[in-house]
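task: produce atomic coordinates for the following.
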Amino acid sequence: MKVLQFAGVEKFTPEVGEQLDMEKHSVVHLVLDLKNPPGMIVQVFEEGYICNGRIPRRAKVGVSRAVETRGRSKNA
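This next block holds a predicted model:
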């Protein structure tokens with residue numbers, strides 16, 4: 001890991017409750033959630049990496065989605 005740090009690679013871990021950012025996060029699955037608005041991170045599976053301002057590996061996360069009620073989104 002020290003070799004990666006020397007090369008400028010840094011690990012980052014998204015926080016649960018953080019807004020989804022498609023440049024930094026990769027959605028693994030969607031979760032029906034009445035407590036959180038759509039697009040909020042509810043689970044973190046893997047950390048991501050940043051290298052010199054670029055993201056070679058996005059963090060893998062689970063994200064809340066709106067609950068559908070009769071063709072309309074309840075959280076939207």
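
you'd agree Val44 is up against Pro14?
Yes - judged on C-beta atoms under 8 Å, Val44 makes contact with Pro14 at a distance of 5.6 Å. To be clear about C-beta, it is placed using only N, CA and C from the backbone, and glycine gets the same treatment.

can you check which residues contact both of the two?
Common contact partners of Val44 and Pro14 (C-beta atoms under 8 Å, 6 or more residues apart in numbering): 59, 61.

which one of these two is surrounded by more residues?
Under the neighbour definition other C-beta atoms under 10 Å, Val44 and Pro14 were set side by side, and Pro14 has more, 21 against 18.

what helix or strand is the more buried one located in?
Here Pro14 sits in a region with no helix or strand, counting by DSSP states H and E.

residue ranges of the strands in the protein, please?
Remark: strands assigned in the chain by DSSP state E are 9-12, 25-32, 41-46, 48-51, 54-57, 59-65, 68-69, 72-73.

what comes up buried for the fourth one?
If I follow you right, that is strand 48-51. Within strand 48-51, the residues scored as buried using 16 or more other C-beta atoms under 10 Å are 48-49.

cool, and the longest one?
Within strand 25-32, the residues that count as buried by 16+ other C-beta under 10 Å are His25.

which residues are contacting it?
Contacts for strand 25-32 (C-beta under 8 Å, 6+ apart): 14, 20, 41-43, 45, 48, 58-65, 67.

so where's this protein shaky on pLDDT?
Low-confidence segments of the chain (pLDDT under 70): 1, 4, 69-76.

90 - rerun?
Scanning the chain for pLDDT under 90 picks out the ranges 1-9, 33-36, 52-53, 66-76.

thank you kindly, that will do.
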